[in-house]
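**Q** 3D, please:
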Amino acid sequence: EEAVGIIAGTGNDADNLSIIMTARELNPRLQTVVRQNLDSNELIFERLKADFVMNPGRTIASKILAHLHTPLLAQFLDQAMSLDEVDARELIQRLYQLVGDDQVRTQAFTLGKETPAVKEWIDSGQTLTLRSLFKSPADRTKDLKCLALLVKRDDQLMVEPGELTELQLGDEILFAGRGVDLSQQRWLLENRRTLHYVVTGEEPHCGLLKYFAKGNAR
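**A** Residues are numbered from 1 along each chain as shown. Modelled structure (predicted):
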């Protein structure tokens, strides 16, 4: 009766349903987490209206897909398991403040050929910090609703790297945020004129015809 929540995680769906239903009779305010073992019982679990339904098969499948499509995301999730409760709560809160009720999206890239604007900038001997990749390509005084979850440099993994982290070619970076903002972020990576603007606040003095002739328009 005094519990805050209950987890029903046995390997038997009937037992898990019974545990949750009995617990609710004793305390209707309980936070409930229940394990669903068989997909054929999905309708029953939907009607149970538990706060969280965990399906081991789907969890494993999601992890496999993460490894296949975004290996850096899988590495971040492994690192995130070692976060203490305070750090984990702060990370979740930061994501919620950025994304709200929207779905959290992720994207990963390696600084180099797939980020031509960044490659040209660093090759020219100029410094580029992570902070620059948070800025809106339309208005550098505004920030994109995203954050860096992980920077991988050789064998070094930097979880939630600071905004003043100086980037190097070959760095692998994982970002999370709103899908529309992550799409805008690609402009900073691929368009040298846009990157120059967000870093310096100045637009290069070149005519449109010259600019388009160089193949920079997207």
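
**Q** From here on, just use CA atoms for contacts and neighbour counts.
**A** OK.

**Q** Roughly how far does the most centrally placed residue in the chain sit from G11?
**A** Among the residues of the chain, the one closest to the centroid is A176, at 2.5 Å (Cα atoms, centre = their mean). Separation of A176 from G11 (Cα to Cα, to the nearest Å): 34 Å.

**Q** do the same with L130
**A** According to Cα to Cα, L130 stands 45 Å off from G11.

**Q** Name the residue in these two with the higher neighbour count.
**A** Neighbours were counted for L130 and for G11 using other Cα atoms under 10 Å; L130 has more, 18 against 12.

**Q** name the helices or strands packed onto the lengthiest strand in the chain?
**A** The longest strand of the chain (DSSP state E) is strand 146-153. Using 3 or more Cα pairs under 8 Å, 6 or more residues apart in numbering; DSSP states H and E as the contact test, the elements touching strand 146-153 are helix 71-80, helix 85-99, strand 156-159, strand 172-177.

**Q** Turn those into a markdown table, including mean pLDDT and distance to A108.
**A** Formatted as a markdown table, the helices and strands packed on strand 146-153 follow (pLDDT from 0 to 100; distance: least, Cα to Cα, whole Å):
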| stretch | mean pLDDT | distance to A108 |
| --- | --- | --- |
| helix 71-80 | 82 | 7 |
| helix 85-99 | 86 | 17 |
| strand 156-159 | 91 | 14 |
| strand 172-177 | 92 | 4 |
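
**Q** from the ones you listed, which stretch is densest packed?
**A** Ranked by average neighbour count under the criterion mean count of other Cα atoms under 10 Å, those are headed by strand 172-177 at a mean of 22.

**Q** can I get the CA coordinates of it in PDB?
**A** Extracted in PDB, the C-alpha atoms of strand 172-177 (Å, rounded to 0.1, in the frame of the first residue of the first chain):
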ATOM      1  CA  GLU A 172      32.600  10.700 -34.900                       C
ATOM      2  CA  ILE A 173      29.700  12.700 -33.300                       C
ATOM      3  CA  LEU A 174      26.200  11.600 -32.200                       C
ATOM      4  CA  PHE A 175      23.500  14.200 -31.900                       C
ATOM      5  CA  ALA A 176      20.000  13.900 -30.600                       C
ATOM      6  CA  GLY A 177      17.100  16.400 -30.900                       C
END
